[in-house]
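S.K.: Provided below for reference: sequence and predicted model.
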Amino acid sequence: MTSLRSKITGTGMYVPAGVVTNHDLAKRMDTSDEWIQQRSGIVERRHVDGTETPTDLAEHAARRAIEAAGVGADELDAIILATLSPEAEFPGTSFFLHHRLGVPEIPCFDLRAQCSGFLYSLACADGFIRSGTMRRILVVGAEVHSTGLEFSTRGRDTAVLFGDGAGAIVVEANGDGDDRSGLLAIRLHAQGEHARRLWIEAPGSGIHPTRITHELIDEGRHFPRMEGRMVFKHAVTRMPEVLRETLDAASVKLDDVDLFLFHQANLRINEFVAQSLGIPPEKCPSNIERYGNCSAASIPMLLDEAARSDRLRPGQLVAMTAFGSGFTWATAVARW
Ligand SMILES: CC(C)(COP(=O)(O)OP(=O)(O)OC[C@H]1O[C@@H](n2cnc3c(N)ncnc32)[C@H](O)[C@@H]1OP(=O)(O)O)[C@@H](O)C(=O)NCCC(=O)NCCS
């Protein structure tokens, strides 16, 4: 292994213009602004307007990240795109993005690790870079949830939580011995026995001969189903666990971390995690109140907001932690 280290050199994000408030949702199902805010912290989220696709969102975020990195799309060595709401059944959204960006014949692929997908993708990019195989990789998280949610009382438990958005980063090899910035440690976990506790069953090639039937649609099995309390319970246990594990691997003390970027699934989960570890709230920015849960896009969106404001400055330590369907969970620790 060489002494190469991965460094995030550019960030970008994009959300569609359409704002959907809790009050808007309350007109379509039996819910209320008070219920949603109390349970999740969400006030509003963005939805595509019926013409925008995941590739559109991903392209805007990617172009911003590439510009911020000061490179050209033709200088990328690969594209990794994390999503649970792909443009088509196949190929992955990354291929449509590949065409849009007009990149040379570099490899690209979609990675499916749901709300931990961005950190899983970052780990892949880190592996390619540290092995010396590649020097510059575009990592994107992009989701269009709104076209796959059930906006009725039956689907209210998930319909109120998710939003559309995309976030992107450029990861480059940092071979400069004097520059201490870059990824210090990353740890990934999964527990597949809980795969059905937060999932979309159909269409799928696993159990239904025709993948989708009228019956499945009538039963709403093409919409997400979630055991909310179970997800909550696991998230508040696993997130502190993997955060500690990764800080240990990076030889970093919890108190030395300047910024904690938690996956934006539920403000209550993140408050619980921060409290249990004694992390002051001012070190945990959030955007869930504006964007809801954007799954694989949530962390890169939050990172972009922090990087473009005064929240994250060169030399500071940032820890990013996710939990999601699978179940999956992960943390990355980096010096900015
Ligand atoms: C979803 C979540 C907010 C629900 O909160 P909760 O306090 O656990 O609520 P419950 O699921 O027990 O539901 C309580 C009641 O509210 C109802 N309810 C569910 N969604 C509702 C909504 N949008 N509006 C109003 N009532 C709702 C339920 O039907 C239930 O009614 P009942 O008591 O008559 O059966 C919470 O479980 C959670 O955040 N879980 C984690 C979700 C998550 O993070 N998912 C993404 C992971 S990446």
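M.R.: That came in fine, so what should we check first?
S.K.: Name the helix or strand for residue 24, please.
M.R.: Using DSSP states H and E, residue 24 sits in helix 22-26.
S.K.: For that helix, output the C-alpha coordinates as PDB.
M.R.: Provided in PDB are the C-alpha atoms of helix 22-26 (Å, rounded to 0.1, in the frame of the first residue of the first chain):
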ATOM      1  CA  ASN A  22     -46.200  19.700   6.300                       C
ATOM      2  CA  HIS A  23     -49.400  21.700   5.800                       C
ATOM      3  CA  ASP A  24     -49.400  20.700   2.100                       C
ATOM      4  CA  LEU A  25     -49.200  17.000   3.100                       C
ATOM      5  CA  ALA A  26     -51.900  17.400   5.700                       C
END
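S.K.: tell me which residues in that helix are buried?
M.R.: For helix 22-26, burial by neighbour count (16 or more other Cβ atoms under 10 Å) applies to 22, 25-26. Heads up, the C-betas are built off the backbone N, CA and C, glycines and all.
S.K.: In three-state terms, how would the residue nearest to residue 245 when sequence neighbours are not counted be classified?
M.R.: Using Cβ to Cβ, 6 or more residues apart in numbering and skipping residues adjacent in sequence, the residue nearest residue 245 is residue 187, 5.3 Å away. Three-state call for residue 187 (DSSP: H, G, I helix; E, B strand; the rest coil): strand.
S.K.: Tabulate the buried residues of helix 22-26 in CSV, adding columns for distance to residue 82.
M.R.: Listed next are the buried residues of helix 22-26 as CSV, based on distance: Cβ to Cβ, whole Å:
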residue, distance to residue 82
22, 27
25, 26
26, 31
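S.K.: Out of those, which is nearest to residue 236?
M.R.: The closest of the buried residues of helix 22-26 to residue 236 turns out to be residue 22 (Cβ to Cβ; 23.5 Å).
S.K.: how near is that closest one to residue 122?
M.R.: Note on residue 22: its distance to residue 122, by Cβ to Cβ, to the nearest Å, is 32 Å.
S.K.: packing partners for the helix holding residue 24?
M.R.: helix 33-40 (3 or more Cβ pairs under 8 Å, 6 or more residues apart in numbering; DSSP states H and E).
S.K.: Might you report the residue contacts of residue 289?
M.R.: 41-44, 267 (Cβ atoms under 8 Å, 6 or more residues apart in numbering).
S.K.: For residue 196, grab the count of nearby residues.
M.R.: 11 (other Cβ atoms under 10 Å).
S.K.: Helix, strand, or coil at it?
M.R.: helix.
S.K.: And it, how close does it get to the ligand?
M.R.: 14 Å (Cβ to the nearest ligand atom, to the nearest Å).
S.K.: Contacts only, for that residue.
M.R.: So residue 196 contacts nothing (Cβ under 8 Å, 6+ apart).
S.K.: Ok, residue 333 next?
M.R.: Per Cβ under 8 Å, 6+ apart, neighbours of residue 333: 183-186, 246-247, 249-250, 252, 257, 317-320.
S.K.: Name whatever forms a beta bridge with it.
M.R.: With DSSP bridges as the criterion, residue 333 is bridged to residue 185, residue 319.
S.K.: quick one: pLDDT of it?
M.R.: With respect to pLDDT, residue 333 has a value of 98.
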